[in-house]
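> Predicted coordinates and the sequence they were generated for:
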Amino acid sequence: MATHPPETKKIFEPGGTEELLRGWLLHSHKGRQRHDRAARHLDRERLWLGAIATGFAAVVGASVFTALEKESSDRLKVIIAATSILSAILSGLSTFLNLSERAEKHRSAGVRYKAMIRELERRLSEGTGNLTITPSVLEEIQKRLDELEENAPIVPERIFLLVDKDWNTHRVEIITKATDFYKPNNQA
C-alpha cells in the first residue's frame with residue numbers, strides 16, 4: 001500500500017496592513033462566491049422539488065376524478081395511492097428542508113460579503129504603497145468580517161471544496177482598473 005506525503009498547509013502571515021487587507025479581500029471574494037453558489041444550488045433544488053411535487057399532486061387530483069367517474073381497476077387505485085403518497089412525501093420534504101429560506105440566507109451572506117469587498121477595495125484604493133489605516137478602523141473591519149462569518153449559514157462541503165478548487169486551479173490576477181475585467185486574457 002503506497003502512502004502519500006501529507007499536503008502542506010499554508011498559513012497567511014501578512015507583512016503589513018496592505019497585505020492584511022488584500023488577504024481579507026481574497027477571503028471575502030471566496031466567501032461571496034461560496035454563498036452565491038450555495039444560494040443558487042438551493043434555489044434550483046427548491047424549484048425542482050416543488051415542480052415535481054406539484055406535478056404529482058396534479059396527477060393525483062386528475063386521477064381521483066377519473067376513478068370516481070367509473071369503476072376503476074385495483075391497479076389504477078394502487079397507482080393513484082402511490083402517486084398521492086409520493087406527492088405528500090415530496091411536499092413534506094420541501095417544507096422540512098426549508099430550501100427557500102436557506103437559499104435566502106446564503107444570498108444575504110453573499111451580499112454582505114460583496115459589501116465587504118467594496119469596503120476593502122475602497123480602503124486599498126486610498127493609498128497604495130503608503131496605506132495608513134488606524135488600528136481602530138482595522139479592528140472595525142475585522143469585527144464586521146467576524147460577525148459576517150458568525151452569522152452566515154454553513155456552506156455545504158461540496159460547494160466549499162468546489163470554490164477552493166476553482167481558486168486553486170485558476171490563476172488569480174490582481175488588476176487595478178475596472179476596464180481590465182473586459183480585456184481578453186491575452187491582452188492583459
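Received the coordinates, thanks. Not measured: the values here are computed from a predicted model.
> what is the mean pLDDT for the helix or strand containing Arg34?
Assessed by DSSP states H and E, Arg34 sits inside helix 17-69. Helix 17-69 shows an average pLDDT of 86 in the prediction.
> Give me the angle between whichever helix or strand comes after that helix and helix 17-69.
Using DSSP H and E, the helix or strand that follows helix 17-69 in sequence is helix 74-97. Going by axes from the mean of the first three to the mean of the last three C-alpha atoms, to 10 degrees, helix 74-97 is angled at 150 degrees with respect to helix 17-69.
> got the contact list for Arg34?
Taking C-beta atoms under 8 Å, 6 or more residues apart in numbering, we find Arg34 in contact with 155, 159-160, 163. From N, CA and C alone the C-beta is placed, and that goes for glycine too.
> ok, now with 6 Å
Residues in contact with Arg34 (C-beta atoms under 6 Å, 6 or more residues apart in numbering) are 155, 160, 163.
> Give me the three-state assignment for Ile174.
Counting by DSSP: H, G, I helix; E, B strand; the rest coil, the backbone at Ile174 sits in coil.
> Burial check on it, number of neighbours?
9 (other C-beta atoms under 10 Å).
> Skipping its backbone neighbours, what lies nearest it in space?
Leaving out its chain neighbours, the residue that sits closest to Ile174 by C-beta to C-beta, 6 or more residues apart in numbering is Arg22, at 7.7 Å.
> and the one you found, how many neighbours does it have?
Considering only other C-beta under 10 Å, Arg22 is surrounded by 16 other residues.
> Distance of it relative to Leu97?
As judged by C-beta to C-beta, to the nearest Å, Arg22 and Leu97 stand 38 Å apart.
> That'll do, ta.
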